[in-house]
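In: below: sequence and its predicted model.
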Amino acid sequence: MKKKNGKDNRYRSYYQLSWDILRKNHLAMFCLFVILVLVFIAVFAPYLTPYEPNVNKARDRFQSPNPEHPFGTDQFGRDILTRVFYGCRISLSVGIISQLIACFLGYFIGVCAGYFGGKTDTVLSFIIQVFSSFPFLLFAIAVMFILGPGLVNLYIALGLLGWTSTARLIRGEVMRLKNSEYIQACIVCGGSPLRVILKHLLPNCVPILIITVTLGIPNAILSEASLSFLGLGVSPPTASWGSMISEAQPFIRGYTYYSLFPGLAIIITVLSFNLLGDGLRDALDPKLRS
Amino acid sequence: MSRYLLGRVLQAIGVVLAISLITFFILNVIPGDPVELMMGEFATPEAIAQVRAQMGLDKPIFAQYFNWLTNMLHGDFGVSYFQHKPVFDMLLNSFGYTARLALFAYVLALVFGLTFGILAAVFHNKFIDRLLMTLSIAGVSAPNFWVAIILQIYFGLTLKWFPISGAKDWNYYVLPAIALGTRYAASISRITRTSMLEVTKQDYMRTASAKGVHGWMLVMKHAFRNALIPVVTVAGTDLGNILTGSMLIETVFTIDGIGKLMVDAINQRDLPLVQGGVMYIATICVIIYLLVDILYAVIDPRIRLGGGAEG
């Protein structure tokens, strides 16, 4: 089983093997790099630009892209590049935090439905079905309507609504794993359900969770942009890509750059997460391995 | 078959009831008294109390819910707080615009999605496949309201080919339908391609080509028909998403459909209109999902015969 590079596959873990596969996927690795750059921009936004995102400068209104303002300025004279950088904070944090909440909920609801079966499964499956029969955006709009605009409310709304697909996948996986010998052995030895769920089922579900989180983030980012576009996301003057496009809309006749850049930022971010998610799915799915 | 159908219909009714429960209760915990909001700041407390009693808002919340539900089953969705018109009539008037827009967008999504998906699968790993899949992943990643604005700028303002707001004639729908349909064309083409490639690996495909079936006959009759099942699921869910996605597009193009009605209602905090609109769209979506499941059973004999063997 010796490979060309001298590594012995027998002694390499599942994740090391997955990493090997992912590393050979140049597109996915490039997307990972882009995502790391975006994270860097989000974390160090204040140090990357000399301008303040929310300070109005009437003198600098509506400048086309120029060396001082590479993306131009908006109707209040704010630097658009700066606002795109700060918007990156909102988009990434909403994407990541809401998906972690969704992942947590999805895992526990899915595992309970799959592990306990019977009536628990019937009730939980019905709840999953109700939540997924609601068009996602409509539900998010209703929840944000009640909670009001705000960053924390976005985390909660998108987290509370995005768990159904995770729960469904986990339920299926757990139903399959439940009958395997090592789980049965643990139950026979007196392992409590909590022990089985956390110590034995969780590690086996991590690949599914990694994939659903990575593919859930772009959807959350798009939903955040849509909600902010409708005025239900973050409250102004906070810069968010969605709200910037919404602010730009009245000026499309004379000033087209304004809506272009935040939109491109959304596409690049969402595209990177989607392609990385596809790559991770190929790398983590043992069925696809030869 | 009939048992499967009955079970599925009952389930759909259960889902609609559950949605009505959620909608009613979450929208009733909003802070702020709608009656005070509606009457303005000069209303006397007595007048407010009278209107509250008139609207049944002084009753216990469960009584209010059952009242609301029974009224809704009679087609009475309440009266808009601000426009003082029946919500049901307002929804019905706007639905025509949304339905037309959704239909155009959906036809566009299906035609382009299926064609691109099949082409990509047939020319697997060739240039066409790479090009179409790059386009489709970009299409899935672009926010539709942004696509709408870019289309307005380019085809509306620069080239002046199409009008950019309103819905007076068929050409008003061209840009909105493209903006709304792009994302779903992309998602349908991706699932069609994956499903076609999956089917191509099957034994019966080898048998078919061994006995001399080839070219488009093989692709369309043997591969495509069997690849349809996952496509139907995605295409069905997409129809629901198109109906909600039209909220954003209608706002950008100022089309007076349900979506714009809802967005305006949200900004005015017009509770009966929001409640009615959410229920209306959610019910339509549940019905669509139900039809998709039935269609599923029709095209996949395994479900039809497995679900009710005697039927």
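Out: Cool, got the structure. Numbering: from 1, shown residues only, chains lettered A, B, ... in the order given.

In: in the stretch 151-300 of chain B, what residue is nearest chain A?
Out: Nearest residue of the stretch 151-300 of chain B to chain A, counting by CB to the nearest CB: B:Thr244, 3.9 Å away. From N, CA and C alone the C-beta is placed, and that goes for glycine too.

In: what helix or strand is that residue on?
Out: Assigned by DSSP states H and E, B:Thr244 falls within helix B:225-253.

In: could you list the buried residues of that helix?
Out: Judged by neighbour count using 16 or more other CB atoms under 10 Å in any protein chain shown, the buried positions of helix B:225-253 are B:226-229, B:231-253.

In: give the helix, strand or coil label for A:Pro67.
Out: Using DSSP: H, G, I helix; E, B strand; the rest coil as the criterion, the local structure at A:Pro67 reads coil.

In: can you check A:Asn56 too?
Out: Per three-state DSSP, the secondary structure class of A:Asn56 is coil.

In: just give the nearest non-adjacent residue to the most centrally placed residue in chain B, would you?
Out: Taking CA atoms, centre = their mean, the centroid of chain B lies closest to B:Gly240, which sits 2.2 Å from it. If the residues on either side of it in the chain are set aside, B:Gly240 comes closest to B:Cys285, at 3.9 Å by CB to CB, 6 or more residues apart in numbering or on different chains.

In: which intervals of the stretch 151-290 of chain A have sub-threshold pLDDT?
Out: Along the stretch 151-290 of chain A, the parts satisfying pLDDT under 70 run over A:286-290.

In: domains of chain B?
Out: Chain B breaks down by automatic domain parsing into domains covering B:2-73, B:88-304.

In: quick one: the helices in the stretch 51-200 of chain A?
Out: The residue ranges that make up the helices of the stretch 51-200 of chain A, judged by DSSP state H, counting those that start in this stretch, are A:80-116, A:118-133, A:136-147, A:151-161, A:164-177, A:181-188, A:193-195.

In: out of those helices, nearest to B:Ala177?
Out: Across those, the minimum distance to B:Ala177, taken as CB to CB, is reached by helix A:136-147, at 18.3 Å.

In: what about B:Lys201, how many residues nearby?
Out: 8 (other CB atoms under 10 Å in any protein chain shown).

In: per-residue pLDDT, it?
Out: Note on B:Lys201: pLDDT of 81.

In: need phi/psi at it.
Out: Backbone torsions of B:Lys201, given as degrees, to the nearest 10, read phi -80, psi -10.

In: give me the neighbour count for B:Ile19.
Out: For B:Ile19, the neighbour count with other CB under 10 Å is 21.

In: where's the spatially closest residue to it that is not a sequence neighbour, which helix or strand?
Out: Computed as CB to CB, 6+ apart, the closest residue to B:Ile19 that is not its neighbour in sequence is B:Ala282, at 4.9 Å. Under the criterion of DSSP H and E, B:Ala282 resides in helix B:271-299.

In: what comes up buried for that helix?
Out: By 16+ other CB under 10 Å, the buried positions in helix B:271-299 come out as B:271-286, B:288-290, B:292-293, B:295-297.

In: and what of stretch B:183-191?
Out: Taking 16+ other CB under 10 Å as the criterion, stretch B:183-191 shows B:Arg183, B:Tyr184, B:Ala185, B:Ala186, B:Ser187, B:Ile188, B:Ser189, B:Arg190, B:Ile191 as buried.
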